[in-house]
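In: Kindly return the folded structure for what I paste below:
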Amino acid sequence: MVDNTIKDRSYCFGRLMALTQFLELNVPPIAKEGRTLIDQEWSNIVKYPIKWHDVHARVLSTRVSDKVYKAKTTVEDEITYIVSEIINPDDFMSAEPLEPSYTLGYSQQSMDIKSWGGYREGAGRPSTGRKKKNIYVTDEEYEQVQAFIQQIRQNG
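Out: Numbering: from 1, shown residues only. Model prediction:
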C-alpha cells in the first residue's frame, strides 16, 4: 500500500514512474516494440530523475483518448498530488541519481493502481430476477407467448 507520508525523493520518483507507465499502457497507442517509454528510459531516469518530466510530457502529448479519460484523470490527479504536495520542487532539478528506495515506491504504487476500479457496493443495474431463456417457437406461438407475458406482468 502506498504511504503518502514518505517524502523520500527516490520513493516519490518510483511512484511517478509507476503512474506514468500505467498511463502509457492504458492510453493507446502503446509504444512501438511493445515497450513503454518508462521501460526504454528506465536507467536514464534512475541516473537523471529530471528526465522523468520529459518522458511524462511525451506520454501525455502522444497518448490522448476520450475512451480512457477517466483513468487518465485519476492518474493525473495522483501525479499532481505527488508533484505539488509531497516532493520538493528542488528534487526535480537535482542531478543526483535515485537511491534504491525508488523500487519500493514503484512497486507499492503499481500494486495500488491494480486495486483501482472493480466492483462497488450499490453500483450497477438492480436485478429484476429475470433470466434469458431460449425457446424455439413459430411466429404465431411467439405472439401468443408475448401476450401472455404482458398479461402476467400487468397482473403481477
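
In: make it CA atoms for all contacts and neighbour counts henceforth
Out: Fine.

In: Okay, the residue of the chain most remote from its centre and residue 146: tell me how far apart.
Out: Distance to the chain centre peaks in the chain at residue 140, reaching 50.8 Å (criterion: Cα atoms, centre = their mean). According to Cα to Cα, to the nearest Å, residue 140 stands 10 Å off from residue 146.

In: what's the answer for residue 56, then?
Out: In this view, residue 56 and residue 146 are 57 Å apart by Cα to Cα.

In: ok, the two, which is more surrounded?
Out: The neighbour comparison of residue 56 against residue 146 (other Cα atoms under 10 Å) goes to residue 56, with 20 against 11.

In: The more buried one: what's it in contact with?
Out: Residue 56 is in contact with residue 20, counting by Cα atoms under 8 Å, 6 or more residues apart in numbering.

In: which element is it on?
Out: Assigned by DSSP states H and E, residue 56 belongs to helix 51-62.

In: Over to residue 151?
Out: Assigned by DSSP H and E, residue 151 falls within helix 139-155.

In: what residues are up against residue 59?
Out: Contacts of residue 59 (Cα under 8 Å, 6+ apart): 20, 23, 24, 37.

In: 7 Å instead?
Out: Listed by Cα atoms under 7 Å, 6 or more residues apart in numbering, the contact set of residue 59 reads residue 24.

In: Could you check how far it is from residue 43?
Out: Distance from residue 59 to residue 43, by Cα to Cα: 17 Å.

In: ok, now residue 145?
Out: Counting by Cα to Cα, the gap from residue 145 to residue 43 is 68 Å.

In: ok, now residue 122?
Out: Residue 122 is 45 Å from residue 43, by Cα to Cα.

In: related to what we said a few turns ago, mind listing what's buried in the helix holding residue 56?
Out: By 16 or more other Cα atoms under 10 Å, the buried positions in helix 51-62 come out as 51, 52, 55, 56, 59.

In: between those, which is nearest residue 7?
Out: Closest approach to residue 7 among these (Cα to Cα): residue 52, at 17.3 Å.

In: Three-state assignment for the nearest residue to that closest one once chain neighbours are set aside, please.
Out: Nearest residue to residue 52, sequence neighbours excluded (Cα to Cα, 6 or more residues apart in numbering): residue 45, at 5.8 Å. Assigned by DSSP: H, G, I helix; E, B strand; the rest coil, the conformation of residue 45 is helix.

In: backbone phi and psi for residue 79, please?
Out: Torsion angles at residue 79 (phi, psi; degrees, to the nearest 10) stand at phi -60, psi -50.
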